[in-house]
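# how would this look folded up:
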Amino acid sequence: MLISRLVRTVAAALFAAFLAVPAAAQIHLDLDAEPIEDVWLTEADLLRMETLAVRLDSVFRRNPGAFKVPQVPKATVSLDSAGRILESYPTLGAELARVGMTGREFMGIAWSLLHGAVTSAAQGDIQPEPASALSANIRLVRLNETRVDHIFTIISRIFPD
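A predicted model of the protein is given here:
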């Protein structure tokens, strides 16, 4: 199953990459301050993430150093602050803008997509509360397993650490 492979091979790297692409170990989201778990993913969100991953991959293939940036000081930040940090890196900020996504949206969608994929793999057939964002996100991930795997494979190649 692709989702199981996903969890085994890229979950840790992706989580770090998604939470702070250039300085993964330095930025921590204040998850208590904002309900990221309440993001309900849509097909449109998945399409934007897929488009962004393909665009980032294209940039990376032409210039593997495009996403190397200096480390930032350790910090716990809000979703808005994390989004602004991502937008501040020229290459990433430009690609986010090209797909019509803010850094904040990227953080919320990426977190929810990853959370849905990891929970799906961990729970198997056990479903969370039916009327929750997590349950809806798990369904979206399961219906689009190949696409989700493709997104994560690209991102983990670009941001391996």
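# residue ranges with poor pLDDT in the protein?
1-37, 69-76, 124-129, 160-161 (pLDDT under 70).
# switch to 50 and redo it
1-25 (pLDDT under 50).
# What are the boundaries of the helices in it?
2-19, 43-62, 79-88, 90-98, 103-123, 133-143, 145-158 (DSSP state H).
# Ser120 contacts Ile138, correct?
Yes: taking C-beta atoms under 8 Å as the definition, Ser120 is a contact partner of Ile138 at 4.7 Å. Backbone N, C-alpha and C define where each C-beta goes, glycine included.
# and those two? which has more neighbours close in?
Ser120 (26 against 23; other C-beta atoms under 10 Å).
# just to revisit the earlier point, please identify the most buried of the helices of the chain.
helix 103-123 (a mean of 22; mean count of other C-beta atoms under 10 Å).
# OK, contacts around the closest residue to Val141 other than its chain neighbours?
Nearest non-adjacent residue to Val141, counting by C-beta to C-beta, 6 or more residues apart in numbering: Gly116, 4.3 Å away. Counting by C-beta atoms under 8 Å, 6 or more residues apart in numbering, Gly116 touches 41, 134, 137-138, 140-141.
# Tabulate the residues you listed in TSV, adding columns for distance to Ala82.
TSV is the format used below for those (distance: C-beta to C-beta, whole Å):
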residue	distance to Ala82
Leu41	18
Leu134	20
Asn137	19
Ile138	24
Leu140	23
Val141	22
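# which of the residues you listed lies closest to Arg98?
Leu41 (20.5 Å; C-beta to C-beta).
# How many residues are close by the closest one?
Leu41: 22 neighbours (other C-beta under 10 Å).
# Enumerate every residue touching it.
109, 112-113, 116, 133, 136-137, 140.
# May I have the phi/psi pair for it?
phi -70, psi 150 (degrees, to the nearest 10).
# distance of it from Ala133?
8 Å (C-beta to C-beta, to the nearest Å).
# what's the answer for Ala53, then?
22 Å.
# Repeat that for Arg84.
24 Å.
# Gly65: neighbouring residues, count only.
Based on other C-beta under 10 Å, the number of other residues close to Gly65 is 8.
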